[in-house]
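In: here are the coordinates; sequence isn't available:
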């Protein structure tokens, strides 16, 4: 039996509020550790998924007793690999660019969901959607080249590019997640497989950059724990649940509110005020995304 629209809306709101804390906990962990960069970002990404997998371990043991099509497991595992790439790139982006820029660029999921759906031949893209995509990309360029030097980041273009890759990988993750659940996995079964697969992929990566899992201050591990509970177990799982009942376009539309929540928290906690050009570019980008969604709904 399908849940009511109000229940789906409430779950999405909870998910958005939860994931909005992710970039804040990441920045706090970097500050507490006194380090940033690729190695520490991979440590944060891996630790987040490892802890989530440990919490879901009882579900993993029960899966051995369930009769689920092999295709569902393959799709869930592939989704986990996409999720690992999403976190590896997006979390690293926060070492090089602002919270606002990173979250805005990384939440352009509706564009990439539409494009990926078109590429695999299942859906057509309207002219309005194509126009929205072009406008959004223009907004991304404004953000990337809009005077980030005033915000004190030394390699903003790298950070923006990593956030973009993170957004594309998140889109792949959402599409594969919907397919895995339609193939026979429940939400909890799916996230158990996907989060575990992602944790396995990420586990050795920090070590290649000479970053160990131990030796940081207790505050670092506290922020990792909070990020795991709120952003991963509550936030991501809420979105994955919603994918069973509504289009991934609508789910990713809801995620567009994450930059707003993250930016407000960044202003309060870090006094990180976005430059006017970043704000303008964000408005253009999100407006283009909204146009792409409207165009997509007319073809569905």
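Out: Received, thanks. Since we're looking at a predicted model, the values are computed, not measured.

In: how about the contacts made by residue 128?
Out: Listed by Cβ atoms under 8 Å, 6 or more residues apart in numbering, the contact partners of residue 128 are 291, 292, 294, 295, 298. To be clear about C-beta, it is placed using only N, CA and C from the backbone, and glycine gets the same treatment.

In: same thing with residue 30?
Out: 36, 40, 94, 95.

In: correct me, but the first one touches residue 95?
Out: To tie it back to what came earlier, the one meant is residue 36. Yes - contact criterion Cβ atoms under 8 Å: residue 36 and residue 95 qualify, at 3.9 Å.

In: of these two, which one has the most company?
Out: Taking other Cβ atoms under 10 Å, residue 36 and residue 95 do not tie; residue 95 has more neighbours (22 against 18).

In: my guess is the more buried one meets residue 35, correct?
Out: No - Residue 95 lies out of contact with residue 35 (Cβ under 8 Å); the separation is 9.2 Å.

In: quick revisit: weed out the non-buried ones from the contacts of residue 128.
Out: By neighbour count, with 16 or more other Cβ atoms under 10 Å, those hold 291, 292, 295 as buried.

In: any idea how far the nearest residue to the second one once chain neighbours are set aside lies from residue 85?
Out: If I follow you right, that is residue 292. Excluding the flanking residues, the one nearest residue 292 by Cβ to Cβ, 6 or more residues apart in numbering is residue 132, at 3.2 Å. Noted for residue 132: a distance of 25 Å to residue 85, by Cβ to Cβ, to the nearest Å.

In: what of residue 237?
Out: 19 Å.

In: quick one: low-confidence ranges for the protein?
Out: Where the chain drops to pLDDT under 70, the residues are 65, 121-123, 144-154, 260, 272, 274, 296-300.

In: could you tell me the end-to-end distance of stretch 100-117?
Out: End-to-end span of stretch 100-117 (Cα to Cα, to the nearest Å): 27 Å.

In: strands of this structure, start to end?
Out: Counting by DSSP state E, the chain has no strands at all.

In: top helix in it by residue count?
Out: helix 156-182 (DSSP state H).

In: list the buried residues for that helix?
Out: Residues of helix 156-182 classed as buried: 156, 159-181 (neighbour count, 16+ other Cβ under 10 Å).

In: picking up where we left off before, was I right about the residue nearest to residue 292 contacting residue 125?
Out: No - using Cβ under 8 Å, residue 132 makes no contact with residue 125, being 9.7 Å away.

In: pull up the overlap in contacts between the two.
Out: Joint contacts of residue 132 and residue 125 (Cβ under 8 Å, 6+ apart) are residue 295.

In: the two: which is more packed in?
Out: residue 132 (25 against 18).

In: for the residue nearest to the spatial centre of the chain, give its distance to residue 67.
Out: The centroid of the chain falls nearest to residue 170 when counting by Cα atoms, centre = their mean (5.3 Å). Residue 170 is 31 Å from residue 67, where distance means Cβ to Cβ.

In: ok, now residue 25?
Out: With distances taken as Cβ to Cβ, residue 25 is found 39 Å from residue 67.

In: same question for residue 256.
Out: Distance, residue 256 to residue 67, by Cβ to Cβ: 38 Å.

In: pick out whichever of these two has more residues nearby.
Out: Using other Cβ under 10 Å, the more surrounded residue of residue 256 and residue 67 is residue 256, with 20 against 5.

In: rewinding a little: farthest-apart pair in the contacts of residue 30, please.
Out: Within these, 40 and 94 form the most distant pair, 10.5 Å apart (Cβ to Cβ).

In: neighbour count: those two, which is higher?
Out: Legend: neighbour count by other Cβ under 10 Å for residue 40 and residue 94, higher for residue 94 (27 against 23).

In: I figured that one hits residue 101, correct?
Out: No - at 9.6 Å, residue 94 and residue 101 do not qualify as touching, with contact defined as Cβ under 8 Å.

In: what touches both of the two?
Out: Both residue 94 and residue 101 are in contact with residue 159, where contact means Cβ under 8 Å, 6+ apart.

In: for residue 247, grab phi and psi.
Out: Main-chain dihedrals, residue 247, degrees, to the nearest 10: phi -60, psi 150.

In: understood, closing this out.
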